[in-house]
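S.K.: I would like the atomic coordinates for the input below:
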Amino acid sequence: MLELTPMSEPDLRRFRERSLSDYARDGVRVGRWSEADSLERSRAELDGRLPKGIATPDHSLCRLHDPVARVDVGTLWYARRPAGDGVELFVYRIGIDEAHRRRGYATAALEALEREARRLGATRISRYVFGSNAAARALYEKVGFRPLSRLLARPVEPR
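M.R.: Below is the predicted model:
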C-alpha cells in the first residue's frame, strides 16, 4: 500500500524545479503561453498557489513512498478546498518518477488519496487534465473520475 509522506524543504526545492519546467512546457503545448514567457508564468502560478511553500494552508505536498520496496516513487500535490456543499481534494500535480512508471503507482497514489479524502471528510477528488493528454485521461477514467465540464477551443487560421 503506497504511503503519502510529507515533503521536506529539500524535497520541495526538487519538486518545484521539476514542476516549473513541466508546467511551462505544458502551457506552451496547449497554447496558453508563448515559449518566451512560459517559465516566468509557470513560476508565478506556482508561487501564487504556494506562497508559504510546504506551510501553505490547506495544501499538502507529499512524497509517494512504497514501504515494501522502501523507496519514494513520485510526488503528489493536492489542496483541500470548498466544493458545492462539501469539501474536495483538488490534485494539482501527481508525478511518478521515470524509473517507477508503468507499475501501477499512479493508480495506487489515487487510492491513497481516496483514503485521505475519507479521513478528511472530503466528498470528491478533482483534477484538471489537458485534453491532449490521453494517457492521463485514461488513468483518471479507469479509477472513476468523470468529466464535469469541457473547455473546447478552435484555432482561427489566418487567411
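
S.K.: and the biggest strand by length in the chain, which strands flank it?
M.R.: Ranked by residue count and defined by DSSP state E, the top strand of the chain is strand 71-83. Using DSSP bridges, strand 71-83 pairs in its sheet with strand 59-66 (antiparallel), strand 86-96 (antiparallel).

S.K.: Out of those, flag the one nearest residue 8.
M.R.: Between residue 8 and those, the tightest spacing by Cβ to Cβ is seen for strand 59-66, at 8.6 Å. In this view, the C-beta of every residue, glycine as well, is placed from N, C-alpha and C.

S.K.: contacts for that closest one?
M.R.: 2-7, 11-12, 15, 49-50, 54, 71-80, 92, 96, 100, 105, 108-109, 112 (Cβ atoms under 8 Å, 6 or more residues apart in numbering).

S.K.: Excluding covalently adjacent residues, which one is nearest to the most centrally placed residue in the chain?
M.R.: With distances taken as Cα atoms, centre = their mean, residue 93 lies nearest the centre of the chain, 1.4 Å away. Nearest non-adjacent residue to residue 93, counting by Cβ to Cβ, 6 or more residues apart in numbering: residue 77, 4.4 Å away.

S.K.: Can you list the low-confidence ranges for this protein?
M.R.: By pLDDT under 70, the chain has no low-scoring segment.

S.K.: tell me the helices in it, going along the chain?
M.R.: 9-29, 38-49, 105-120, 134-142 (DSSP state H).

S.K.: Ok, which of these comes nearest residue 154?
M.R.: That would be helix 9-29 among these, by Cβ to Cβ, at 17.1 Å.

S.K.: tell me which residues in that closest one are buried?
M.R.: Across helix 9-29, burial judged by 16 or more other Cβ atoms under 10 Å covers 11, 12, 15, 19, 20, 23, 24, 26, 27, 28.

S.K.: what would the helices of the chain look like in CSV with distance to residue 67?
M.R.: Converted to CSV, the helices of the chain look like this (distance: least, Cβ to Cβ, whole Å):
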stretch, distance to residue 67
helix 9-29, 17
helix 38-49, 29
helix 105-120, 11
helix 134-142, 22
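
S.K.: closest one to residue 157 among these?
M.R.: Once the helices of the chain are compared by Cβ to Cβ, helix 9-29 is nearest, at 19.0 Å.

S.K.: For that closest one, name the packing helices and strands.
M.R.: Packing partners of helix 9-29 (3 or more Cβ pairs under 8 Å, 6 or more residues apart in numbering; DSSP states H and E): helix 38-49, strand 59-66, strand 71-83, strand 86-96.
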